[in-house]
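Q: Quick check, what structure comes out for this input:
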Amino acid sequence: MNIFSFIKSGGLVSYILLFISVLSVSIIINRIIFFVCLSRFNLDNFLARIKNAFISKNIDSLYDYVFENKNIFCNIVLIFLKNSSLNSEDLEKKIIFEIDKGDLILEKYLLALGTIANISVYFGLLGTIIGIMEAFSNIETSGMSGINVVIGGVSKALTTTIFGLVVAIPAIIVYNFCLSKSEKYHKEMINFANTLIFYRENYDKK
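A: Alright, predicted model coming up:
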């Protein structure tokens, strides 16, 4: 049985699951690419560059680097640079707001992915119930029993069950992975912002 026959044998529920699976794969690819690219960004080197810029009184030199490496950490620095004339309290508020925006970027599509992981299982269960009902209906209609009578309904039940699990399992794995990464980078953004403020207070005035 090829993939097209497999999907067709599951009926309407399989087509719904096919649509959900395409959406799920698109989100998974997007999130994996995002986190892989972010993981390649060397935060320690970036902090060293920032520290040197403070010490050399050449903060504006960071603009080019920030624009070339757009990510959640560079966005924080950009807000820092644009509002460097503010007092510490107002600057912190700006940075906190930018961290919140960074969290939205980190958690982008995660609600959709978590929903897909949940509903795909239920669609698989729905297909199972429909398939079993169809099998019993065939028995009632034909007045006979046997494998040939129920095979269509049982096939539909098994197909949608398998399809639902195939969609749900990768989705929940990637969801948990992305959620863990989001929490990790949220903490790093806070530490990064605190380091920026520390540099400002200790190097910018010297």
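
Q: so the closest residue to Ile28 other than its chain neighbours, which of the three states?
A: Spatial nearest neighbour of Ile28, excluding adjacent residues (CB to CB, 6 or more residues apart in numbering): Val174 at 4.8 Å. (Each C-beta comes from the backbone N, C-alpha and C, glycine too.) Classification of Val174 using DSSP: H, G, I helix; E, B strand; the rest coil returns helix.

Q: which residues does Val174 contact?
A: By CB atoms under 8 Å, 6 or more residues apart in numbering, Val174 lies in contact with 27-28, 31-32, 113.

Q: For the residues you listed, name the two members farthest from one another.
A: Ile32 and Leu113 (11.3 Å; CB to CB).

Q: rewinding a little: of the contacts of Val174, which is the most crowded?
A: Comparing the contacts of Val174 by number of neighbours (other CB atoms under 10 Å), Leu113 comes first, having 24 neighbours.

Q: That one and Phe177 touch, don't they?
A: No - Leu113 sits out of contact with Phe177 when judged by CB atoms under 8 Å, with a separation of 10.2 Å.

Q: Just give me the closest of the contacts of Val174 to Glu188.
A: Within the set of the contacts of Val174, Arg31 lies nearest Glu188; the separation is 17.5 Å, counting by CB to CB.

Q: where's that closest one, which helix or strand?
A: Using DSSP states H and E, Arg31 maps to helix 12-39.

Q: between the helix or strand hosting Glu134 and helix 12-39, how many degrees?
A: Here Glu134 sits within helix 110-142, counting by DSSP H and E. Orientation of helix 110-142 against helix 12-39 (axes from the mean of the first three to the mean of the last three CA atoms, to 10 degrees) gives an angle of 160 degrees.

Q: still on that earlier bit, which pLDDT value belongs to the residue nearest to Ile28?
A: Note on Val174: pLDDT of 96.

Q: Equivalent analysis for Leu179, please.
A: Leu179 is assigned a pLDDT of 95 by the prediction.

Q: Would you mind measuring from the nearest residue to it once chain neighbours are set aside to Arg31?
A: Spatial nearest neighbour of Leu179, chain neighbours left out: Leu110 (6.4 Å); criterion: CB to CB, 6+ apart. Distance of Leu110 to Arg31, given as CB to CB, to the nearest Å: 8 Å.

Q: Likewise for Leu43?
A: 20 Å.

Q: Then Val13?
A: 26 Å.

Q: and what of Ser85?
A: Taken as CB to CB, the span from Ser85 to Arg31 is 37 Å.

Q: what do you get for Val66?
A: 24 Å.

Q: Next up, the contacts around the residue most central in space within the chain.
A: Central residue of the chain (CA atoms, centre = their mean): Leu110, 4.2 Å from the mean position. Listed by CB under 8 Å, 6+ apart, the contact partners of Leu110 are 31, 175, 178-179, 182.

Q: Same question for Leu47.
A: 192, 195.

Q: which SSE is it in?
A: Per DSSP H and E: helix 43-55 holds Leu47.

Q: Check which residues of that helix are buried.
A: The neighbour-count check on helix 43-55 (16 or more other CB atoms under 10 Å) flags 43, 46-47, 50-51, 53-54 as buried.

Q: I'd like the residues you listed laid out as CSV, including distance to Thr160.
A: Listed next are these as CSV, based on distance: CB to CB, whole Å:
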residue, distance to Thr160
Leu43, 45
Phe46, 49
Leu47, 52
Ile50, 54
Lys51, 58
Ala53, 59
Phe54, 60
